[in-house]
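*Asks:* Sharing a model prediction with you, sequence too.
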Amino acid sequence: MKERGFIPFSAAGAIVVLVIIAMLAQAEFHRHHRALNIIFDSSQSSLFTTAAEIYQNIRLIAKQAVFKALWEVCKKASDYSENALAEIEVLATKYFHVAISEIESSRHGSRIELVIPSDKRDHLIKISESDSGFVLADVTFPEGSRVMITSQDSNTRISASLENTAILVDSRYFLLAQKMEEFRAGIGDIIGIWTALEYSRVLTDLILAEKVTLNRSRTALAFEAAWSIKELEIFGSTDYLKTEADLTTIAIDLLNGPGKKLIVCRENIYELLPPTPLRKTPGISVYRDLKVKNVDYRRQDPAGLLGLPTATPIPLGTSGATIWWGQWEVTIETEESPVEEIFDFDNPNIPRPCGDFCAHLPLAYRWKFSEKEFKTIITIFSPRPFMIFVQ
């Protein structure tokens, strides 16, 4: 007779085996699940690292875009006049878009996509002057801008918003623009200094020789001296290097090595090797392209208008005394419109191609004047007669 309440040993053994198998299966499931989570977390972490790198690259791209825009506008500053700042922002935004489009490609095995609403892409970059005097570039992304990164196996994807950012661009654009504006406004001062130098020379001649000799070479030198004096006042330096041959030799040795033939102009050399400013503050180097083509003297007193070399006598009433009057207009004509270019000597930070290599150059601010003629009038009175000659 069978006993009630007992399970045969064979059935109990089977149940135990099933329980063990279930426990092992559950443990394997949890282990596999944890492994999948680890793989997912690792992949996601890698994508976030890539996103951080992309954000830093975007900042660098924005800085280089501003550098490029600054260089192009400042090299033709006189062409833009009042809208130079706006043009810099437009160009910087343009170069920024071109550069970031190259990011949208495979990187570290991941697929990258930048999303910037196309109808709001204008004027992403605005520039202003920082407290340190450098350019501050504010990059403002429109709402909805983001970077999306997909893993190589397409199993993991992240999306991160593009945050607005401010970037310090270490070039003193605003200082250069301000100083050039001061110099342009001081052209009248240059004429005044030149006139004073002409008077000094004429009065010296009159006192020592009782005649005035108008010398074209001296007048041209006086005009350039007046220009240099104003440069020194505004920029703290002047274009004191005039030996073009020596500068060219230095540039040849630096760019191509000794013995190689290279044709360069003095302006290009100054871009690469701006001369040390005469004054430490504000730390600006100066280049000037000013060549006097012609100096003309036109007599304006009656004797001169009649073609006589003597000064014009002016009787003083019934006293019998006479004053002698000489007056002439001096006109200087330049070969081309003068060019004034200044360099941010203390901050050679703009990457520019130079032959077979890339050099970091200071920002150059170039202004081409519209004037090619400069005039002044000299008036002399003397109690003694004198002659006026032109050389």
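*Replies:* Perfect, I can see it now.
*Asks:* what sits against the closest residue to Pro309 other than its chain neighbours?
*Replies:* Among residues not flanking Pro309 along the chain, Met387 sits closest, at 5.1 Å (C-beta to C-beta, 6 or more residues apart in numbering). Using the backbone N, CA and C atoms, a C-beta is placed for each residue, glycine as well. Going by C-beta atoms under 8 Å, 6 or more residues apart in numbering, Met387 touches Lys211, Val212, Pro309, Thr310, Ala311.
*Asks:* quick one, helices of the stretch 1-150 of the chain?
*Replies:* Ranges of helices in the stretch 1-150 of the chain, per DSSP state H, counting those that start in this stretch, are 9-74, 77-80, 84-101.
*Asks:* From Ala99, how far out is Ser159?
*Replies:* Counting by C-beta to C-beta, to the nearest Å, the separation of Ser159 from Ala99 is 22 Å.
*Asks:* between these two, which one's more packed in?
*Replies:* Legend: neighbour count by other C-beta atoms under 10 Å for Ser159 and Ala99, higher for Ala99 (17 against 13).
*Asks:* Would you mind confirming that the more buried one is in contact with Ala65?
*Replies:* Yes - with contact defined as C-beta atoms under 8 Å, Ala99 counts as touching Ala65 (6.3 Å).
*Asks:* ok, and for the strand ranked longest in the chain, which residues are buried?
*Replies:* Using DSSP state E, we find that the single longest strand of the chain is strand 339-354. By neighbour count on 16 or more other C-beta atoms under 10 Å, the buried set for strand 339-354 is Glu340, Glu341, Ile342, Phe343, Asp344, Phe345, Asp346, Asn347, Pro348, Asn349, Ile350, Cys354.
*Asks:* which strands and helices sit next to that strand?
*Replies:* Where contact means 3 or more C-beta pairs under 8 Å, 6 or more residues apart in numbering; DSSP states H and E, strand 339-354 is packed against helix 9-74, helix 173-185, helix 266-272, strand 284-289, strand 357-368.
*Asks:* gap between that strand and the chain center?
*Replies:* Offset of strand 339-354 from its chain centre (C-alpha atoms, centre = their mean, to the nearest Å): 7 Å.
*Asks:* who does that strand pair up with?
*Replies:* Each strand that pairs with strand 339-354, with its direction, by DSSP bridges: strand 284-289 (antiparallel), strand 357-368 (antiparallel).
*Asks:* what is the mean pLDDT for the first one?
*Replies:* Averaged over strand 284-289, pLDDT sits at 96.
*Asks:* which residues touch Trp227?
*Replies:* By C-beta under 8 Å, 6+ apart, Trp227 lies in contact with Ile190, Arg288, Leu290.
*Asks:* Per-residue pLDDT of it, please?
*Replies:* 96.
*Asks:* In terms of helices and strands, where is it?
*Replies:* Assigned by DSSP states H and E, Trp227 belongs to helix 216-235.
*Asks:* if we can go back for a sec, go through the contacts of Trp227 and say which is closest to His123.
*Replies:* Arg288 (35.6 Å; C-beta to C-beta).
*Asks:* And what about the residue lying closest to that closest one once chain neighbours are set aside, helix, strand or coil?
*Replies:* Counting by C-beta to C-beta, 6+ apart, Arg288 lies nearest to Asp239, which is 4.0 Å off, once chain neighbours are set aside. Following DSSP: H, G, I helix; E, B strand; the rest coil, Asp239 is assigned to coil.
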